[in-house]
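Asks: predicted model, plus sequence, below.
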Amino acid sequence: MEPHVLEHLGADDWARGRAIRLRALASDPDAFGSTLAREQAFGEAEWRARLGSPEARTYVVRGAEGDGGLVVGARYGEDAGLFSMWVAPEARGQGIGALLVQRVVGWARRTGYPRLLLDVADANEPAIRLYRSQGFVPTGVTGICGDRPEIPEHQLALELAPRP
Ligand SMILES: CC(C)(COP(=O)(O)OP(=O)(O)OC[C@H]1O[C@@H](n2cnc3c(N)ncnc32)[C@H](O)[C@@H]1OP(=O)(O)O)[C@@H](O)C(=O)NCCC(=O)NCCS
């Protein structure tokens, strides 16, 4: 999947955003708090609202084969949150996940958030390794993954430098 181009999606890109998000939920159902069935039921208005929110940014990685990665940064209380991280199976292990994390870190820092938070399943070793390599550390907060009581998860945080 070379070369990789990171693109920001807006409301008018809702069909593209829907396609890659549904592919992620179908491919890796245990990585996310939401489900394929739940998001398949969303209509155009819901996708437009998600992608067009002034408090969120959706980035995709486009390669020769089409869209192969997705991440969302969004306000999460006083902090920013990193959500929906996904890289297509055939594109993993090439640093695309790291690129997507770095893009959200840049957005969160520019926007002035003090921290970037995310939740990851305790058993999701590739994702934990990726986040730890990008400087995220456990906050001590634990929980369960969305509506999935069988999937314990924990929170990681990256402290962001204050704005100059
Ligand atoms: C977790 C996930 C996003 C990681 O994506 P990725 O693109 O494979 O991540 P990266 O390539 O940036 O890093 C993964 C590994 O590839 C290595 N890598 C980075 N650049 C590389 C390159 N050019 N060549 C080979 N390997 C490379 C990284 O060092 C890392 O290695 P490690 O496993 O030894 O630490 C991906 O596995 C995924 O989508 N999983 C399913 C969904 C999921 O779990 N999402 C997270 C929800 S919290």
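Replies: That came in fine, so what should we check first?
Asks: how near is residue 67 to the ligand?
Replies: 13 Å (CB to the nearest ligand atom, to the nearest Å). Just so you know, the C-beta spots here come from the backbone N, C-alpha and C atoms, and that holds for glycine as well.
Asks: partner strands of the helix or strand hosting that residue, parallel or antiparallel?
Replies: Secondary-structure element containing residue 67, defined by DSSP states H and E: strand 66-76. Neighbouring strands of strand 66-76 in its sheet, by DSSP bridges, are strand 56-63 (antiparallel), strand 79-87 (antiparallel).
Asks: just name the most buried of the ones you listed.
Replies: Burial among the strands paired with strand 66-76, expressed as mean neighbours by mean count of other CB atoms under 10 Å, is greatest for strand 79-87, which shows a mean of 23.
Asks: now the angle from the longest helix along the chain to strand 79-87?
Replies: In the chain, assigned by DSSP state H, the helix with the most residues is helix 96-111. Interaxial angle, helix 96-111 versus strand 79-87 (axes from the mean of the first three to the mean of the last three CA atoms, to 10 degrees): 160 degrees.
Asks: near the ligand at all, stretch 152-164?
Replies: No. With CB under 6 Å from any ligand atom as the criterion, the ligand is not reached by stretch 152-164; the gap is at least 8.1 Å.
Asks: so which bits of this structure are right by the ligand?
Replies: In this structure, the chain approaches the ligand at residues 28, 31, 85-87, 92-98, 120, 124, 126-127, 129-130, 133, judged by CB under 6 Å from any ligand atom.
Asks: so, low pLDDT: which residues of the protein?
Replies: Within the chain, the stretches with pLDDT under 70 are 1-3, 162-164.
Asks: got the contact list for the residue of the chain found nearest the ligand?
Replies: When scored by CB to the nearest ligand atom, the chain has residue 97 as its residue closest to the ligand, at 2.7 Å. Counting by CB atoms under 8 Å, 6 or more residues apart in numbering, residue 97 makes contact with 69, 85, 87, 127, 130.
Asks: could you do residue 124 as well?
Replies: Residue 124 touches 30, 31, counting by CB under 8 Å, 6+ apart.
Asks: could you do residue 82 as well?
Replies: Residue 82 makes contacts with 71, 72, 73, 101, 104, 116, 117, 118, as judged by CB under 8 Å, 6+ apart.
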